[in-house]
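**Student:** Give me coordinates for this.
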Amino acid sequence: MKIKIQKVSGSILYVILAISLVIVGLFFFGGEDPNPLVPDMSQPVYTDPLIYLMYALLIVAIIITLIAAVYQFVMNFIDSPKDAIRSLVGIIVLVGILIVTWAAGSDQALVMPAYDGTENVPFWLKLTDMFLYTIYIMMAVLTLLILGFGIAKKFK
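**Tutor:** You can find the predicted model right below:
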């Protein structure tokens, strides 16, 4: 069973890699838009397909992560309800960080030449800041954990 799953996941990985390489190749070598949105700035012709690919990969990753997390929680809850509830601490901390970084985000509109969209409003600005600050915090914690575990391993 494990070999079959590895073959399927490996095949899916190669398909995603091939699609990504084609779209990235088109993005970098497909030419530039003769009528860019912002004058005096180059805009690759295949920007939209690259953005849509990133959206699709993000959505697939989120769905798979949520399904795996729910499955693992249910399996842990069957074996040990106390440990399963304890595993929710990480999610609670993450929600707390998201709340704090939302509050820290700026709602001041950005000055962007030739932009007439509707996303330069306080909600989207605070949401973007929330995600950026959360990423910064998570990267800092990750770096500290890597260093801490590396140092702790030297003393064992």
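
**Student:** Pull the contacting residues for Ser106.
**Tutor:** 125-126, 129 (C-beta atoms under 8 Å, 6 or more residues apart in numbering). For every residue, glycine as well, the C-beta is placed using N, CA and C.

**Student:** Quick one, grab the pLDDT at it.
**Tutor:** As predicted, Ser106 sits at a pLDDT of 93.

**Student:** ok but it is inside a helix, no?
**Tutor:** No: Ser106 is assigned coil when assessed by DSSP: H, G, I helix; E, B strand; the rest coil, not a helix.

**Student:** which secondary element of this protein has the worst mean pLDDT?
**Tutor:** Scoring the helices and strands of the chain by mean pLDDT, DSSP states H and E places helix 81-86 at the bottom, with a mean of 87.

**Student:** what's the closest of the contacts of Ser106 to Val38?
**Tutor:** Leu125 (19.9 Å; C-beta to C-beta).

**Student:** Got phi/psi on Glu32?
**Tutor:** Torsion angles at Glu32 (phi, psi; degrees, to the nearest 10) stand at phi -120, psi 150.

**Student:** I figured it hits Met41, correct?
**Tutor:** No: using C-beta atoms under 8 Å, Glu32 makes no contact with Met41, being 9.8 Å away.

**Student:** Within the helices and strands, which one has the residue positioned nearest the centre of the chain?
**Tutor:** Nearest residue to the geometric centre of the chain (C-alpha atoms, centre = their mean): Leu58, 6.2 Å. Assessed by DSSP states H and E, Leu58 sits inside helix 47-79.

**Student:** Go through that helix and flag the buried ones.
**Tutor:** Going by neighbour count (16 or more other C-beta atoms under 10 Å), the buried part of helix 47-79 is 49-50, 53, 76.

**Student:** for stretch 123-135, same thing?
**Tutor:** For stretch 123-135, by 16+ other C-beta under 10 Å, it's 125-126, 129-130, 133-134.

**Student:** Pipe those residues into CSV and attach distance to Val8 and pLDDT per row.
**Tutor:** Below are the buried residues of stretch 123-135 laid out as CSV (distance: C-beta to C-beta, whole Å; pLDDT from 0 to 100):
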residue, distance to Val8, pLDDT
Leu125, 42, 94
Lys126, 41, 96
Asp129, 39, 96
Met130, 36, 96
Tyr133, 37, 97
Thr134, 33, 96
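
**Student:** Having no further points to raise, I will conclude here.
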